[in-house]
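>>> From the sequence below, what's the structure:
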Amino acid sequence: MQLVAALPAGAEGKLFDFNATLPVMAGQFLVLMVLLDKTWFSPVGKVLDDRDAKIRALLAGVQDNSAELTKMEEEGKALLADARSAAGELMNAAKSKAEAETTEELRQLKAKQDGEMATLQAQLEADREQAQKDLQPKVQELAGEILAKLA
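This is a model prediction of the structure:
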């Protein structure tokens, strides 16, 4: 008996009681949904949409710049190739000039050395002839002495 007195009147084991509170709760849910949509979800969605638009604009700008960067990179490569070829030409010209100067110096040194060699040979020949002239009387004298001792 005490159990029956503890239960509220008309709650005879029903899980849901469909009465006038259901439309009120549904109305409150719809009002809450509209209120949250206007005050919370729409501003947050607008911020997200604005951020997405900015990111897409930046990506489009980067993609547009990539063609310009590619063009600049090709121009840089062309300038680098021109500079390398110009440097190669300058190096070849300097090398040719240095070879020509070296060849000319070697030719001059050889001519100078040949001249000195000819002068030294002439001097040596003159010294040899002078030595022969100086020795001729002594040879005659020695030959005479040898003949005198033999006779």
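
>>> Can you name the helix or strand that residue 122 falls in?
Per DSSP states H and E, residue 122 falls inside helix 42-150.

>>> what mean pLDDT does that helix have?
Confidence over helix 42-150 (mean pLDDT, whole number) is 89.

>>> what about it, distance to the chain center?
Centroid separation for helix 42-150 versus its chain: 27 Å, with Cα atoms, centre = their mean, to the nearest Å.

>>> and what of stretch 37-44?
On Cα atoms, centre = their mean, the centre of stretch 37-44 falls 52 Å from that of its chain.

>>> List the buried residues of that stretch.
Of the residues in stretch 37-44, none is buried under the neighbour-count criterion (16 or more other Cβ atoms under 10 Å). The C-beta positions use only the backbone N, C-alpha and C, and glycine is treated the same way.

>>> Send me that stretch as PDB with only the CA atoms.
Output in PDB follows, covering the C-alpha atoms of stretch 37-44 (Å, rounded to 0.1, in the frame of the first residue of the first chain):
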ATOM      1  CA  ASP A  37      21.400  29.900 -36.000                       C
ATOM      2  CA  LYS A  38      21.100  33.700 -36.000                       C
ATOM      3  CA  THR A  39      23.400  34.400 -33.100                       C
ATOM      4  CA  TRP A  40      26.000  31.700 -33.300                       C
ATOM      5  CA  PHE A  41      26.100  29.500 -36.400                       C
ATOM      6  CA  SER A  42      25.700  32.300 -39.000                       C
ATOM      7  CA  PRO A  43      28.500  34.500 -37.700                       C
ATOM      8  CA  VAL A  44      30.800  31.600 -37.200                       C
END
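
>>> Please list the outside residues in contact with that stretch.
The contact list for stretch 37-44 (Cβ atoms under 8 Å, 6 or more residues apart in numbering) is empty.

>>> 10 Å - rerun?
33, 36, 45 (Cβ atoms under 10 Å, 6 or more residues apart in numbering).

>>> what's the answer for stretch 134-151, then?
Contacts of stretch 134-151 (Cβ under 10 Å, 6+ apart): residue 132.
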